[in-house]
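Undergrad: Okay, predicted coordinates and the sequence, questions at the end:
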Amino acid sequence: MNPIDIPPEKLAEEMAEYSRRLGHGLENLLDAEQIDTGVTPKQTVHREDKLALHRYLGADGVKRNPVPLLIVYALVNRPYMTDIQEDRSTVRNLLTGGQDVYMIDWGYPDGADSSLTLDDYINGYIDRCVEVIRKQSGQEKINILGICQGGAFSLCYTALHQRKVKNLITMVTPVDFQTPDNVLSSWVRHIDIDLLVDTLGNVPGELLNWTFLSLKPFSLTGQKYVNMVDVLEDEARLKNFLRMEKWIFDSPDQAGECFRQFVKDFFQKNGLINGGIALGERQVDLKNITCPLLNIYAEQDHLVPPDASRALRGLTGTRDYSEVSFPGGHIGIYVSGKAQKTIPPAIARWLIERS
């Protein structure tokens, strides 16, 4: 039968089944309870301005690594992506692997934060969080896991404060911001960032979010909602879908001056490759990073192409550099079942060997 030659009765049958499933699914959608954001118990050990530093409660009976691990997430979106549900939680699996996990929650910047700079975030907030953890743990050095933009921040921080960092992990972290396959970079490099920030002040999170969605408009803004009917009838899958939707659209505004500097120094000047990133009175030199370094990237990452991450090899001063590749995308590396079985255990093993 010709694929487009569908008998009317077959078409009517399929439409009726689709309507039935959609109707049942909408009932599940209306009955859905409030969606949790972060599932692992934690304690807030430090607050400053909008920032909160959390320490996660460890798994029962698991001996903790004496050297704590600080997760530094990106300013864009919210860090609970790493703890989105019980069976897909990077945080929980790191705890199971014996790590003492802390995380920075950047909160939601407002107009009072518009003048915050990269120096304020890296030499200010991150460094004060590190000091809190050093004091609590009694350790001279801690481990740091930087994710995406947070990985770029962590590279800068370690280059300036190597004496406080024992091991560094970067995860889906852009290093070369001008690789040929980087669609986001090709857009951002030609934006008049001064005009944008001078006009808007803080950069709306919604604006950035729709920019990211536009990188894959068919799959991220159309196809998934067409396919949603396949999810609606299953309450568990529906809740997982809604968790992801909540995270995707939970986009904090960006402090204007920090955003201006980040776009200029990282995207437009490619400063991690070419140099020239100044924080306070000092220049960032990746050769100052001498601690062990584990670089994790995703092979199908549309936001941070693999070459953008792999560029880190040879740029630092460490003699202990390792790479781990994941056969998935930018988000799948946190939430997919395959990732949870491989990435957190690999991080935990790597840290234990070096701590």
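TA: Perfect, thanks for sending it.

Undergrad: can you give me how far the strand or helix carrying E353 is from the chain middle?
TA: Assigned by DSSP states H and E, E353 falls within helix 337-354. Per C-alpha atoms, centre = their mean, to the nearest Å, the displacement of helix 337-354 from the mean C-alpha position of its chain is 17 Å.

Undergrad: Please name the residues that touch C148.
TA: Taking C-beta atoms under 8 Å, 6 or more residues apart in numbering, we find C148 in contact with Y73, A74, V76, M171, V172, T173, P174, L303, V304, H330. From N, CA and C alone the C-beta is placed, and that goes for glycine too.

Undergrad: Could you check how far it is from F241?
TA: As for C148, its distance to F241 is 22 Å (criterion: C-beta to C-beta, to the nearest Å).

Undergrad: and if you look at A59?
TA: With distances defined as C-beta to C-beta, the gap from A59 to F241 amounts to 28 Å.

Undergrad: what about those two, which has more around it?
TA: Comparing A59 with F241 by other C-beta atoms under 10 Å, the one with more neighbours is F241, at 20 against 17.

Undergrad: Relative to the whole chain's centre, how far out is the helix or strand that that one is a member of?
TA: Take DSSP H and E as the rule and F241 turns out to sit in helix 235-248. Here helix 235-248 shows a centroid-to-chain-centroid distance of 18 Å under the convention C-alpha atoms, centre = their mean.

Undergrad: CA atoms only: put that helix into PDB for me.
TA: In PDB, the C-alpha atoms belonging to helix 235-248 read as follows (Å, rounded to 0.1, in the frame of the first residue of the first chain):
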ATOM      1  CA  GLU A 235       2.000   9.100  35.200                       C
ATOM      2  CA  ALA A 236       5.700   8.500  36.000                       C
ATOM      3  CA  ARG A 237       6.900   9.500  32.500                       C
ATOM      4  CA  LEU A 238       4.600  12.500  32.600                       C
ATOM      5  CA  LYS A 239       6.100  13.700  35.900                       C
ATOM      6  CA  ASN A 240       9.600  13.200  34.500                       C
ATOM      7  CA  PHE A 241       8.600  15.300  31.400                       C
ATOM      8  CA  LEU A 242       7.200  18.100  33.600                       C
ATOM      9  CA  ARG A 243      10.300  18.100  35.700                       C
ATOM     10  CA  MET A 244      12.400  18.800  32.600                       C
ATOM     11  CA  GLU A 245      10.000  21.400  31.300                       C
ATOM     12  CA  LYS A 246      10.100  23.200  34.700                       C
ATOM     13  CA  TRP A 247      13.900  23.200  34.600                       C
ATOM     14  CA  ILE A 248      14.100  24.400  31.000                       C
END
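
Undergrad: hang on, isn't V39 packed against Q85?
TA: Yes. V39 is within contact range of Q85, at 5.9 Å (criterion: C-beta atoms under 8 Å).

Undergrad: re the thing from before, need the mean per-residue confidence for the helix holding F241.
TA: Per-residue pLDDT values across helix 235-248 average out to 72.

Undergrad: Mind listing what's buried along it?
TA: Judged by neighbour count (16 or more other C-beta atoms under 10 Å), helix 235-248 contains these buried residues: L238, K239, N240, F241, L242, R243, M244, K246, W247, I248.

Undergrad: got the contact list for whichever helix or strand comes after it?
TA: Next along the chain after helix 235-248, taking DSSP H and E as the criterion, comes helix 256-262. With C-beta under 8 Å, 6+ apart as the test, helix 256-262 has contacts from 75, 114-118, 120-121, 149, 193-194, 197, 200-203.

Undergrad: Return the closest of these with respect to V263.
TA: The shortest distance between V263 and any of the contacts of helix 256-262, using C-beta to C-beta, involves I193 and amounts to 4.6 Å.

Undergrad: and the closest one, how many neighbours?
TA: 19.

Undergrad: so what's it closest to, chain neighbours aside?
TA: With C-beta to C-beta, 6 or more residues apart in numbering as the measure, V263 is the residue that lies nearest to I193, at 4.6 Å, once sequence neighbours are left out.

Undergrad: for this protein, which spans come out with low pLDDT?
TA: 1-5, 9-35, 212-213, 215-238 (pLDDT under 70).

Undergrad: how much space is there between S309 and V324?
TA: Going from S309 to V324 by C-beta to C-beta gives 11 Å.

Undergrad: okay, these two: which has more neighbours?
TA: More neighbours surround S309 than the other of S309 and V324, with 25 against 16 (other C-beta under 10 Å).

Undergrad: Now do the same contact list for that one.
TA: S309 sits next to T170, V172, T173, P174, V175, N295, I296, Y297, D301 when contact means C-beta under 8 Å, 6+ apart.

Undergrad: Now neighbour count too, for those, in a markdown table please.
TA: As requested, the contacts of S309 are exported to a markdown table (neighbours: other C-beta atoms under 10 Å):
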| residue | neighbour count |
| --- | --- |
| T170 | 27 |
| V172 | 27 |
| T173 | 25 |
| P174 | 28 |
| V175 | 26 |
| N295 | 24 |
| I296 | 24 |
| Y297 | 25 |
| D301 | 21 |
